[in-house]
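1. just the structure for this:
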Amino acid sequence: DNGRMHVPADAFGGMSPEYKAAGALKNLFTMVAIRVVMAQEQEEQGGYANGGGDEMTDTHRTLRDYLVEHPLRDGNAWLEQLMRHEDGNMRRTALRLLEVRKAYASGQFDFADMHQLAVKELTRDNDKLMADYVADSMSLSVGEGMGMDGLQQ
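-> Okay, the predicted model is just below:
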């Protein structure tokens, strides 16, 4: 016994919770890369920060439209499809996205902060849910389907 909680092997299709979370993070990093590249393209055109209004480069416009037409559900599948785009610029943009997401994941994302925030938020949410449960159970009489212990009869 290593002191860790047992998670059934079939809980996530045979994947560990950490592996499942890594997949979700990979999709998040893909979306971050898309937004970073779009922002870079916006800045290249003068961007909002420089008073350039809503002008955008062809890359920004095409990437934005592509994202609307092909919502990101699986980052790898989305990038693989973009790498097969008929427009050579979009294929090069896909390669750029690969580099940006790797750079973000390996050097920019604060994993320790994420862990701390997740535990803090989960604790806060659990406390609120428990307080709501206690308040609800105290307002119901025993005859309304709740036992004295607050559980369903």
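
2. now residue 11: how far from residue 129?
-> 22 Å (Cβ to Cβ, to the nearest Å). For the C-beta atoms, the positions are set from N, CA and C on the backbone; glycine is no exception.

3. center of the protein, which residue is that?
-> In the chain, the C-alpha nearest the mean C-alpha coordinate belongs to residue 28, at 4.1 Å (Cα atoms, centre = their mean).

4. hey, where'd the helices end up in this structure?
-> Secondary structure of the chain (DSSP state H): helices located at 17-44, 58-69, 75-82, 88-103, 111-139.

5. would TSV of those with mean pLDDT and distance to residue 7 be doable?
-> As requested, the helices of the chain are exported to TSV (pLDDT from 0 to 100; distance: least, Cβ to Cβ, whole Å):
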stretch	mean pLDDT	distance to residue 7
helix 17-44	93	6
helix 58-69	94	34
helix 75-82	97	24
helix 88-103	97	28
helix 111-139	94	16
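
6. can you put those in JSON lines and add distance to residue 3?
-> Formatted as JSON lines, these follow (distance: least, Cβ to Cβ, whole Å):
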{"stretch": "helix 17-44", "distance to residue 3": "16"}
{"stretch": "helix 58-69", "distance to residue 3": "44"}
{"stretch": "helix 75-82", "distance to residue 3": "34"}
{"stretch": "helix 88-103", "distance to residue 3": "34"}
{"stretch": "helix 111-139", "distance to residue 3": "17"}
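
7. to residue 5, which of the ones you listed lies closest?
-> helix 17-44 (9.6 Å; Cβ to Cβ).

8. got the angle between that closest one and helix 58-69?
-> 140 degrees (axes from the mean of the first three to the mean of the last three Cα atoms, to 10 degrees).

9. go through helix 17-44 and flag the buried ones.
-> Neighbour counts over helix 17-44 (16 or more other Cβ atoms under 10 Å) mark 25, 27-30, 32-34, 36-38, 40-42 as buried.
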